[in-house]
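Visitor: When you get a sec, could you give me coordinates for this:
(one chain, ligands or ions: 1)
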Amino acid sequence: MNTPRCDQTEAWAALRGHYEAHGRDLDLREAFARDPGRFDALGVEAPEIYADLSKNLIDTATLRFLLDLARECGVRARRDAMFRGEPINTTEDRAVLHTALRAPRGAAPFSDEVHHVLDAMLAYVETVRDTAASGIRHIVNIGIGGSDLGPQMVVPALDACAHPGLTLHFVSNVDGHDITPVLRQLKPDETLFIIASKTFTTQETMANAHAAKAWFTAQGGTDIAKHFVATTTNVGAAAAFGIATTFGFWDWVGGRYSLWSAIGLPIALAIGADHFRALLAGAHAMDEHFAHAPPERNLPLLLGLIDVWYRNFHGCTSRSVAPYHQGLKRLPAYLQQLEMESNGKRVDLAGHPLAYATSPVVWGEPGTNGQHAYFQMLHQGTDVIPVEFILVKHAHHGVRDLHGPLLAQLERQHTLLLANGLAQSQALMLGKTTGQALAETAPTASKVLDARTLAHHRTFPGNRPSTTLLLEQLTPRSLGALIALYEHRVFTSGALWGINSFDQWGVELGKALCNDLLPRLDSGDASGLDASTAGLMKRLRA
Ligand code: F6P
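Guide: Okay, here's the model as predicted:
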């Protein structure tokens, strides 16, 4: 695909001019005052999600130029190539077909293979979830990166529909302090270990798999075939490890896009076959939206474009994600891999260094916790950081027979949660002038400092941008749509930047150097090492 570099397009030049003339100084408060229709004009309906884009530093001209940029950069052709299964991951010569994992039977490439594994996995899931017969009470997923973060994020998010008799655990770190507190809670007869690794070679996962096996045998466990399963593309390596039950997937499923594949086994065990299919269906609905919605109403496309606007024109180096739902507590960590491993690249598809910035840092915590930690910096720090609020209209606590004072209290708390989320995006935008601060009394403020100095400390610049994503309820279907929305948004910004969003060479060097250092830590051989590494190694061995 021969498309121009984004910074050499006419649209980029137009955006640069627009930024200098209007974009840099756009004031959200004035924009709302000028245009009573702004909220409606910048609201986008997508499957399961309503997005309020109106508190972003954009206007109709910004969007027009951004959509021109998407056209000139060939985002549409690249999107269609992905859906068709062309090898758009050029450095590994692989197709990128996570969308095929959630497509109905017959609707996407590799459909027979996909549905064969899905049916087999979901049939197996129901046998384990029959806990009276299976005896399984604890499920331990051992995996890292994409073989951990997706299930680890989704399982607590869908806690309201989880099997009440199964406890899910996630072990990822090679640090033994991760697995040992989990092992302390287990009995071999009640435990199912899932060894989740696309390659089945990942150092951390293999180390923890061996630890689990050693624990299982030492505790008198005998039936490895029943208590260990693997989810991998490397079926042979799983068999060599002694695992009889394996659910496979394919090299066209990227690790960070794999929760829809067999890597989703812990999710399916937690929520059951029907809910897992609903998760897939929600993602598929978003795939259809991305594939067919007109550009000006296409939510993943618009979010990816706005990301580029902030990164390359406003110079924002990070974006904060604040899910106002405790179940989404691991969403920021999941998004860090999705976005930063995908778009943290410094060369274009032809290998030429880029002249513009790519992935921002993505970070965050669930609301309201984040408010009592880093929101201070969002409101009054020196950097402008776009924030993404995720609000869920209806709570679903998954507590049976909820009634009386507890129900009333929890409903109240949910309203409080929503009010907090709304208030934060409002405060970021509105700010508070020094005049307003002067007119107020602040009970805890110093009685000796002069009023004007105090008012400067209590001034908020405002005009800080945010997006609000609104879900009716957090269900398997809406969560599937939300995750797919993020996947396609990352695809969009990666396509605009002209990079390969589907490889991850940046993790290789550290792995190789670790393999070199491992025997040196045993032997003390520091020959050829830099002085810092040699010195630290000496101290670690002393
Ligand atoms: O961190 C690098 C990486 O390759 C990720 O992309 C991947 O999700 C993770 O390691 C785990 O790999 P595997 O599933 O092969 O164990």
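Visitor: how about the strands in the stretch 101-250 of the chain?
Guide: Along the stretch 101-250 of the chain, counting by DSSP state E, counting those that start in this stretch, strands occupy 138-142, 167-171, 191-196, 228-232, 245-248.
Visitor: can those strands go into CSV with extra columns for mean neighbour count and mean pLDDT?
Guide: Bear in mind the C-beta positions are built from the backbone N, C-alpha and C, glycine included. Output for the strands of the stretch 101-250 of the chain, formatted as CSV (neighbours: other CB atoms under 10 Å; pLDDT from 0 to 100):
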stretch, mean neighbour count, mean pLDDT
strand 138-142, 23, 98
strand 167-171, 21, 98
strand 191-196, 27, 98
strand 228-232, 26, 97
strand 245-248, 20, 96
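Visitor: Ok, which of the ones you listed comes nearest His115?
Guide: Proximity to His115, assessed across those by CB to CB, is greatest for strand 245-248 (12.9 Å).
Visitor: Check whether the closest one comes near the ligand.
Guide: No - judged by CB under 6 Å from any ligand atom, strand 245-248 and the ligand are separated, with a smallest distance of 12.7 Å.
Visitor: Dump that strand to PDB, keeping only the CA atoms.
Guide: Output of strand 245-248 as PDB, limited to C-alpha atoms (Å, rounded to 0.1, in the frame of the first residue of the first chain):
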ATOM      1  CA  THR A 245      -5.700 -30.800  26.800                       C
ATOM      2  CA  THR A 246      -4.800 -27.900  24.600                       C
ATOM      3  CA  PHE A 247      -6.900 -25.300  22.900                       C
ATOM      4  CA  GLY A 248      -5.000 -23.800  20.000                       C
END
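Visitor: helices or strands next to whatever helix or strand comes next after it in the packing?
Guide: As assigned by DSSP states H and E, the chain's next helix or strand after strand 245-248 is helix 265-271. Helix 265-271 sits against helix 111-129, strand 138-142, helix 149-157, strand 167-171, strand 191-196, helix 273-292, with contacts defined as 3 or more CB pairs under 8 Å, 6 or more residues apart in numbering; DSSP states H and E.
Visitor: run the last query once more with 6 Å
Guide: The contact analysis (3 or more CB pairs under 6 Å, 6 or more residues apart in numbering; DSSP states H and E) places helix 265-271 against helix 111-129, strand 138-142, helix 149-157.
Visitor: can you list the ones you listed in a markdown table and add distance to Ala395?
Guide: What follows is those, written out as a markdown table (distance: least, CB to CB, whole Å):
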| stretch | distance to Ala395 |
| --- | --- |
| helix 111-129 | 25 |
| strand 138-142 | 26 |
| helix 149-157 | 13 |
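Visitor: Quick one: closest of these to Asp516.
Guide: Closest approach to Asp516 among those is made by strand 138-142 (25.4 Å; CB to CB).
Visitor: now the longest helix belonging to the chain: how far from the chain's centre is it?
Guide: Using DSSP state H to define each element, the chain has its longest helix at helix 404-430. Taking CA atoms, centre = their mean, to the nearest Å, one finds helix 404-430 lying 24 Å from the centre of the chain it belongs to.
Visitor: Please point out which parts of the helix or strand just after it sit buried.
Guide: Going down the chain from helix 404-430, the next helix or strand is helix 434-439, by DSSP H and E. Neighbour-count burial for helix 434-439 flags Ala437 (criterion: 16 or more other CB atoms under 10 Å).
Visitor: swap in stretch 492-507?
Guide: Across stretch 492-507, burial judged by 16+ other CB under 10 Å covers 492-504.
Visitor: Specify which member of those residues is nearest to the ligand.
Guide: Ranked by distance to the ligand (CB to the nearest ligand atom), those are led by Gln504 at 4.7 Å.
Visitor: hang on, the earlier thing: Serialize the buried residues of stretch 492-507 to a markdown table and add fields for distance to Gly150, secondary structure and pLDDT.
Guide: Converted to a markdown table, the buried residues of stretch 492-507 look like this (distance: CB to CB, whole Å; DSSP: H, G, I helix; E, B strand; the rest coil; pLDDT from 0 to 100):
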| residue | distance to Gly150 | secondary structure | pLDDT |
| --- | --- | --- | --- |
| Thr492 | 20 | helix | 98 |
| Ser493 | 20 | helix | 98 |
| Gly494 | 19 | helix | 98 |
| Ala495 | 22 | helix | 98 |
| Leu496 | 25 | helix | 98 |
| Trp497 | 24 | helix | 98 |
| Gly498 | 27 | coil | 98 |
| Ile499 | 22 | coil | 98 |
| Asn500 | 21 | coil | 98 |
| Ser501 | 17 | coil | 98 |
| Phe502 | 16 | coil | 98 |
| Asp503 | 18 | coil | 98 |
| Gln504 | 15 | coil | 98 |
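Visitor: got a markdown table for these, with distance to Pro332 too?
Guide: Below are the buried residues of stretch 492-507 laid out as a markdown table (distance: CB to CB, whole Å):
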| residue | distance to Pro332 |
| --- | --- |
| Thr492 | 20 |
| Ser493 | 17 |
| Gly494 | 19 |
| Ala495 | 23 |
| Leu496 | 23 |
| Trp497 | 22 |
| Gly498 | 27 |
| Ile499 | 22 |
| Asn500 | 24 |
| Ser501 | 19 |
| Phe502 | 22 |
| Asp503 | 23 |
| Gln504 | 19 |
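Visitor: Could you tell me which ones among those residues also sit near the ligand?
Guide: Contacts with the ligand within the buried residues of stretch 492-507, as defined by CB under 6 Å from any ligand atom: Gln504.
Visitor: Spell out which residues of this protein are next to the ligand.
Guide: 144-147, 197-199, 202, 205, 255-256, 341, 504, 507.
Visitor: Give me the buried subset of those residues.
Guide: 144-147, 197-198, 202, 205, 255-256, 341, 504.
Visitor: related to what we said a few turns ago, what's the closest of the helices and strands packed on helix 265-271 to Pro332?
Guide: Minimum separation from Pro332 across the helices and strands packed on helix 265-271 (CB to CB) falls at helix 149-157, 9.2 Å.
Visitor: orientation of that closest one relative to helix 273-292 in degrees?
Guide: Per axes from the mean of the first three to the mean of the last three CA atoms, to 10 degrees, the angle that helix 149-157 makes with helix 273-292 is 120 degrees.
Visitor: Tell me where the stretch 301-450 of the chain has strands.
Guide: 318-324, 361-363, 387-394.
Visitor: Output the contacting helices and strands for the last one.
Guide: Helices and strands in packing contact with strand 387-394 are listed as strand 318-324, helix 404-430, strand 466-473; criterion 3+ CB pairs under 6 Å, 6+ apart.
Visitor: I appreciate the help and will end here.
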